[in-house]
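>>> build me a structure from this.
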Amino acid sequence: MRRDCRSVRGWDDFDALTRAFFDPIMRGVPSFPQTWISRLPSFWRLNLIGWGAFLVVGIAIRIGVHDNLSIALGLTLFQEPLGLIVTAVLREIYRRKSVRARFNVAMAARVVGYSLIMSILQAALAHLFLHKVGWTNPSWTFLEEWLLRIIFYWLVYMGWSLLYFWLRTERLARTESRRADAAQVESDRMELFFLRAQLDPHFLFNALNGIAAEIPVHPDSAMAMVRQLAGYLRYSLDHRNTVLTPFSVEMDGLSNYLAIEQTRFGKNLQLSISIDPAALGRNIPSFLLQPLLENAVKYSRRDAAPPWKLQIDARVCDDAMMITVGNSGTLPAGWRTSTGVGIQTVRRRLDLHYPGRHTFTLEEKGGLVRAEIELKGEPCSV
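As a prediction, the model looks like this:
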């Protein structure tokens, strides 16, 4: 999976566009209409922008056609508000006829038909208005006057309709994208909790086996390990719903596990911890390192003679955090295809929290097996 932590933007893109247009205009408007306009849905703000621009163009065109400013202004103030009403009616028709429908041939035919009907209606109303006020253009025949108005507004309403369906389709697509993204985030969150829940039984199984082995020969050590195990379980319960945690808190939790192993193996376990102070405040996925430490102890005992070395190093370089867990021993054969809980869980959690922004490597270097993690930026909370 390759996704980042940014949310998907939707219809708010158009909302921001209309606000950017209206805000400078509204500064000199009284508070009541300013409040009313700011509360308008995006559709109406976009429609007002379009017809406002059309009004300016319409006046210029009609001055050239009628060669009379009064006629041009009067006809424009009648036609453009009427156009605003007509497009509101068209919107309502399209909403009722095409809920969730895709734009297809049948819908295109409807757009042509509805646009023609509305342009005829507008031409008729304009004709009645002009003859009522006595404004006529003697250079036009009756047929020319009707045809020009019908064709002009037919093209206008078809263009408006196509724009409406494009914006509507864009809005539906972005809404579906947001829903899909929300579903994916919820799925990732549930997976993370599942992966996190796997760690405690895995650790508890190993710890109890270790305590059971100590009871017959070192009962005092076994009792100390029980208390340390209780401390770890208390920490685990307190942070069971914590997705991310500061690295300092993560190390406090790991100290309980390390204390158990130190008590169990004594001088046979040589622990070395080097932490850059700048790393302590960085957030990381909670319990991310525990499987690596468990594997380090397990494979050191299996593949190397005591004393076993266990090293933890963390530092910050620019925007990246580098974490290394090293241990005595060798890499087991077939580790690259291993299906064990520890490594697979670490890899998957890194994919979810740092998509495309992390590296995780295992290699033998300087007589140690080293698990190296590079984390770039802040983790996704999912």
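
>>> name the SS class of Ala305, please.
Under DSSP: H, G, I helix; E, B strand; the rest coil, Ala305 falls in the coil class.

>>> what sits against it?
Ala305 makes contact with no residue, according to CB atoms under 8 Å, 6 or more residues apart in numbering. Every C-beta, even on glycine, is put in place using the N, C-alpha and C of the backbone.

>>> look at it and report its pLDDT.
Ala305 is assigned 88 on the pLDDT scale.

>>> and it, how far from Tyr232?
Here Ala305 is placed at a distance of 28 Å from Tyr232 (CB to CB, to the nearest Å).

>>> please apply the same query to Val249.
For Val249 relative to Tyr232 (CB to CB), the value is 14 Å.

>>> so for the two, which sits in the more crowded spot?
The neighbour comparison of Val249 against Tyr232 (other CB atoms under 10 Å) goes to Tyr232, with 23 against 17.

>>> which strand or helix spans that one?
Applying DSSP states H and E as the criterion places Tyr232 in helix 219-238.

>>> report the buried residues of that helix.
Within helix 219-238, the residues scored as buried using 16 or more other CB atoms under 10 Å are 221-222, 224-226, 228-229, 231-232, 235-236.

>>> and what of stretch 120-137?
Under 16+ other CB under 10 Å, the buried positions of stretch 120-137 are 122-123, 126, 130.

>>> closest one of those to Leu269?
Ranked by distance to Leu269 (CB to CB), these are led by Gln122 at 88.2 Å.

>>> mind listing what the closest residue to the closest one other than its chain neighbours touches?
Closest residue in space to Gln122, ignoring its immediate chain neighbours: Tyr153 at 5.0 Å, by CB to CB, 6 or more residues apart in numbering. With contacts taken as CB under 8 Å, 6+ apart, Tyr153 has the following neighbours: 83, 118-119, 122-123.

>>> can you pick out the most distant pair from those?
Gly83 and Ala123 (11.9 Å).

>>> now do the strands in the stretch 151-300 of the chain.
Along the stretch 151-300 of the chain, counting by DSSP state E, counting those that start in this stretch, strands occupy 244-246, 269-275, 283-285.

>>> who are the packing partners of the first one?
So that's strand 244-246. Judged by 3 or more CB pairs under 8 Å, 6 or more residues apart in numbering; DSSP states H and E, the packing partners of strand 244-246 are strand 283-285.
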